[in-house]
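> Here you go, sequence then predicted model.
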Amino acid sequence: MDLKTIGEFGLIERLKAGAIVVPDKVIMGIGDDAAVLKGEGGYLTLASTDMLVEDIHFTLATATAREIGYKTMAVNVSDIAAMGGIPEQALVSLGLRPEQPVDFVDELYAGLRECGQRFGVNIIGGDTVSSPRAMVINLAILGRVEEGACLYRSGARPGDVLLVTGDLGGSAAGLDTLLSPRPAPPEAVAFARERHFRPTPRVTEIRAALPAGGITAADDISDGLVAEIYTLAQASGVGIILEAAAVPIAPATRQLAAIYQKDPLDYALYGGEDFELLLTCRPDKVAAVQEAIARACQTPVTPIGNVVPATEGITIIIDGKRLPLNPGGYNHFQ
Ligand SMILES: Nc1ncnc2c1ncn2[C@@H]1O[C@H](COP(=O)(O)OP(=O)(O)O)[C@@H](O)[C@H]1O
Ligand SMILES: Cc1ncc(C[n+]2csc(CCOP(=O)(O)OP(=O)(O)O)c2C)c(N)n1
Ligand SMILES: [Mg+2]
């Protein structure tokens, strides 16, 4: 049996067995955006890692070293945000071809530091090795969250409202403009490429929202909204109704979808790499959460659906009809 058969998530399921040998400090191991460990001073410790591989996550033909660095830090910070946490420390590991210019690595680190500076993350170590072919950059991140405030994927309950920060599909639209350039309004292209290369991890948003209370679960959108809805629903043992018309899509993303003859909803549902937060919230707290985030920043927070009992399944309302939500999204190996 090869990896294509079981896919990325089938593989991760297998890796869980026997992984924890000293459970004392482990509150959450494999299975959420970050691992959760017992910490000190009223805080839990968060730990996560994400890797970017040449020609899978970026191509050197379309991405600058600075963009690759920025994005590597941002996607990791996003995993800490998805736990409700504050990012703090990073370790960076590089696999580089010997011919790669030194300037490239300098710029990569400029990007890493730029994003690190923005979110208060130190680079405290890492590893450097040669790689015969694809370039690889891995970042491991540590953060912290107050005991009792940590947000898991498993906390959603029937009756909760499904919320999403920002807007969706911009990153996928940006990828189209990079991989197959077509004549398009420069502002739309710039917007979408910014979404693709410099996503904003939603730390400010979630930190502002937590004191309002009522948020029951969180997950960041790396593999696509639908993939994360399935992940969250499965972890929480619930069903979901997604309201297609409510999914926030920026005008620039719609413009590009028209140019690429794509359905903008497809970008938003299946594109991935938006690094927005998918949240569930008790219905009586939605307004308070929205107000708390509005006080802290400009990022919109949009209700896009409802949590229902698992027996109702995972569905989407399109044009007034409730249909099964087709699973899909990014899966390494498939
Ligand atoms: N090779 C691996 N060994 C152990 N745990 C892994 C491995 N790959 C992924 N995981 C864990 O599986 C879970 C799901 O991973 P993933 O879907 O990549 O999360 P995310 O989308 O938040 O990065 C996480 O808890 C992650 O730490
Ligand atoms: C050249 C190129 N092709 C395709 C993509 C799209 N893409 C690559 S990985 C990915 C999903 C997210 O990456 P993953 O490693 O699964 O992140 P994680 O879920 O671990 O956070 C997407 C949409 C891209 N960014 N660049
Ligand atoms: Mg991952």
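Perfect, thanks for sending it. Ligands and ions are numbered 1, 2, ... in the order given.
> is any part of stretch 10-24 close to ligand 1?
Yes. With CB under 6 Å from any ligand atom as the criterion, ligand 1 is reached by stretch 10-24 at 12, 15. C-beta here means a position set from N, CA and C on the backbone, and glycine is covered the same way.
> Do that stretch and ligand 2 come into contact?
No. Judged by CB under 6 Å from any ligand atom, stretch 10-24 makes no contact with ligand 2; its nearest approach is 9.9 Å.
> what about that stretch, start to end distance?
27 Å (CA to CA, to the nearest Å).
> which residues are in contact with it?
With CB atoms under 8 Å, 6 or more residues apart in numbering as the test, stretch 10-24 has contacts from 3, 6, 26, 29-31, 38, 333.
> Drop anything exposed from those residues.
By neighbour count, with 16 or more other CB atoms under 10 Å, the contacts of stretch 10-24 hold no buried member.
> which parts of the least confident helix or strand in the chain by mean pLDDT are buried?
Across the helices and strands of the chain, mean pLDDT, DSSP states H and E gives its lowest value to helix 3-15, namely a mean of 94. Under the neighbour-count criterion of 16+ other CB under 10 Å, helix 3-15 has residue 9 buried.
> Past that helix, which element shows up next along the chain?
Downstream of helix 3-15, the first helix or strand assigned by DSSP states H and E is strand 26-28.
> what comes into contact with that next one?
Under CB under 8 Å, 6+ apart, the answer for strand 26-28 is 20, 34-38, 44, 150, 152.
> hmm, 6 Å instead?
20, 35-36 (CB atoms under 6 Å, 6 or more residues apart in numbering).
> ditto for stretch 148-168
Contact partners of stretch 148-168, identified using CB under 6 Å, 6+ apart, comprise 32, 36, 44, 83-84, 202, 205, 210, 216-219, 225, 232, 235-236, 238, 248-250, 268, 274, 276-281, 283, 286, 299, 301-305, 307-309.
> Next, the distance between the ends of it.
30 Å.
> any chance you could map the helices in the stretch 201-334 of the chain?
203-209, 225-236, 251-259, 264-266, 286-296 (DSSP state H, counting those that start in this stretch).
> between those helices, which one is nearest to residue 55?
Of all the helices of the stretch 201-334 of the chain, it is helix 225-236 that lies closest to residue 55, at 21.3 Å by CB to CB.
> hmm, the closest one touching ligand 1?
No. Using CB under 6 Å from any ligand atom, helix 225-236 never reaches ligand 1; the gap is at least 7.3 Å.
> That helix packs against which elements?
Judged by 3 or more CB pairs under 6 Å, 6 or more residues apart in numbering; DSSP states H and E, helix 225-236 is in contact with strand 215-220.
> now the strand it packs on, how far from the centre of its chain.
11 Å (CA atoms, centre = their mean, to the nearest Å).
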